[in-house]
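Asks: Would you be able to build a 3D model of this:
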Amino acid sequence: MGFAATILLWLRSSRALYTITVLLPCCLGAAIAWYEGYPFSPGLLLLILLGMMFANIGTNFTNDYFDQRSGVDRIDEGRRFKRGAEVLLDNPLAESGSIDGYAAYFFSSRTILASAIGSFLVTTIVGAALAWRYDWRILPVGAAGIALGFFYTAPPLKLGYRGLGDLICFLGSGPLPVAGTHFLFAGRLSAASLLGGCFAGLLVDAILYIGNVPDAEADRRVGKTTLSTLLGRSAVRWLAPAYYATAFGILVLAVAFGFFPAWSLLSLAAFPLVARIIILTRKSYDDVPRFAPAIMMTVRAFAAALVLLVGGLLLGRLVR
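Replies: Presented below is the predicted three-dimensional model:
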């Protein structure tokens, strides 16, 4: 396997696409600070994005490593629609009988764990640089984020197995990156950054929740507690609308009370896609193949809503 193919396979296994669930919230935090009149630093934002990207990748690899050890991925009917690090367990040389030493190591759980540790190490280095160059008070926030990402599935805490996954996802993709980025730009927190964090966090939580619906039976068999194992798959019929209604309700209230400019309502243009998600999940919650497209649709809805909100904030600063 060539170097380029190895990198592409690693990126696929890291589920790098899903890093937008922390990168866009960071951009939102920077946009809120700029709208409020604070100066923008491209270098600072790039450093934040680098650290958050590898924090998310580390979390993905840790999650896949310990889920693979628990056996849940092998019995999960919905896993084939969202494959991640398990692609590193599929040695393409195995069937040919090759004993290539590199392949034997690369295509193994050791690479998954090493990738998780290495990714968190990159985040730690970036966090130290941010603390040294900008504000040391970011250190406890960064340390808490790394700990939550690692112990999401890692023993002894296994927080994601104890019904805390949704809360961790909300904090890790909402208030922490949005308010944390805003803090580094502004030197303080603001109500707008907290409201923006709640908006982003709820949309990412919807991705996690809807993605977990097909996994309910497999998760229940290995003792993993999620909203879907507690409430059953059918709960998505009312819980999915609740997530989106609450998120967009927060956005409307933030505009109504003057925390965001009216241009921020551009984010409502993502609502037709949200409506499709709600209809599909309501009709097909017990049919995994028909339900599966809704998982990627939640990612697109999140991305559209966040990009439009960032654009609205930038327009609000430019035209006022």
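Asks: OK, contacts around residue 307?
Replies: Taking C-beta atoms under 8 Å, 6 or more residues apart in numbering, we find residue 307 in contact with residue 24. Backbone N, C-alpha and C define where each C-beta goes, glycine included.
Asks: Can you say which helix or strand has it in it?
Replies: helix 293-319 (DSSP states H and E).
Asks: any idea what sits nearest residue 229, other than its immediate chain neighbours?
Replies: Distances taken as C-beta to C-beta, 6 or more residues apart in numbering put residue 220 closest to residue 229, at 4.6 Å, once the chain neighbours are dropped.
Asks: If I look at the one you found, what pLDDT would I see?
Replies: At residue 220, the model reports a pLDDT of 84.
Asks: Distance of it relative to residue 226?
Replies: 9 Å (C-beta to C-beta, to the nearest Å).
Asks: out of these two, which sits in the busier spot?
Replies: residue 226 (22 against 16; other C-beta atoms under 10 Å).
Asks: burial of the residue lying closest to the more buried one once chain neighbours are set aside, as a residue count?
Replies: By the measure of C-beta to C-beta, 6+ apart, the closest residue to residue 226 outside its immediate chain neighbours is residue 212, 4.8 Å from it. Using other C-beta under 10 Å, residue 212 is surrounded by 22 other residues.
Asks: Would you map the helices across the stretch 201-320 of the chain?
Replies: Residue ranges of the helices in the stretch 201-320 of the chain, as given by DSSP state H, counting those that start in this stretch, are 216-221, 227-231, 236-256, 271-284, 288-291, 293-319.
Asks: Kindly report the same for the stretch 1-150 of the chain.
Replies: Under DSSP H, counting those that start in this stretch, the stretch 1-150 of the chain gives helices at 3-14, 20-35, 42-70, 72-75, 101-106, 109-133, 138-150.
Asks: Nearest to residue 169, out of the ones you listed?
Replies: helix 20-35 (8.5 Å; C-beta to C-beta).
Asks: Quick check: mean pLDDT of the closest one?
Replies: 97.
Asks: Output it as CSV - backbone C-alpha positions only.
Replies: Written as CSV, here are the backbone C-alpha positions of helix 20-35 (Å, rounded to 0.1, in the frame of the first residue of the first chain):
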residue,chain,number,x,y,z
ILE,A,20,-17.0,19.7,11.2
THR,A,21,-19.1,19.1,14.3
VAL,A,22,-16.4,20.9,16.3
LEU,A,23,-14.7,23.0,13.6
LEU,A,24,-17.9,24.9,12.7
PRO,A,25,-18.8,25.7,16.3
CYS,A,26,-15.3,27.2,16.7
CYS,A,27,-15.9,29.3,13.6
LEU,A,28,-19.2,30.4,15.2
GLY,A,29,-17.5,31.4,18.4
ALA,A,30,-15.0,33.5,16.4
ALA,A,31,-17.8,35.1,14.3
ILE,A,32,-19.8,36.0,17.5
ALA,A,33,-16.7,37.7,18.9
TRP,A,34,-16.1,39.6,15.7
TYR,A,35,-19.8,40.7,15.5
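Asks: still on that earlier bit, got the angle for the helix holding residue 307 vs helix 271-284?
Replies: Computed with axes from the mean of the first three to the mean of the last three C-alpha atoms, to 10 degrees, the direction of helix 293-319 lies at 160 degrees from that of helix 271-284.
Asks: Please convert the helices of the stretch 201-320 of the chain to CSV, extending it with distance to residue 151.
Replies: Output for the helices of the stretch 201-320 of the chain, formatted as CSV (distance: least, C-beta to C-beta, whole Å):
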stretch, distance to residue 151
helix 216-221, 18
helix 227-231, 19
helix 236-256, 24
helix 271-284, 29
helix 288-291, 29
helix 293-319, 24
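Asks: Identify whichever of those lies nearest to residue 197.
Replies: Residue 197 lies closest to helix 236-256 among these, at 9.9 Å (C-beta to C-beta).
Asks: quick one: average pLDDT of the helix holding residue 307?
Replies: pLDDT averaged over helix 293-319 gives 96.
Asks: That helix versus helix 236-256: what angle between them?
Replies: Calculated by the same axes, to 10 degrees, helix 293-319 forms an angle of 0 degrees with helix 236-256.
Asks: buried ones in helix 293-319?
Replies: 294-295, 297-299, 301-310, 312-313, 315-317 (16 or more other C-beta atoms under 10 Å).
Asks: that older thread, and residue 132, which of the helices of the stretch 201-320 of the chain is closest to it?
Replies: helix 293-319 (28.0 Å).
Asks: can you give me the angle the closest one makes with helix 20-35?
Replies: Here the directions of helix 293-319 and helix 20-35 differ by 10 degrees (the same axes, to 10 degrees).
Asks: give the contact list for the most centrally placed residue in the chain.
Replies: The structure's the chain has its C-alpha centroid closest to residue 21; by C-alpha atoms, centre = their mean the separation is 3.8 Å. Residues in contact with residue 21 (C-beta under 8 Å, 6+ apart) are 56, 173, 204, 207, 299, 302.
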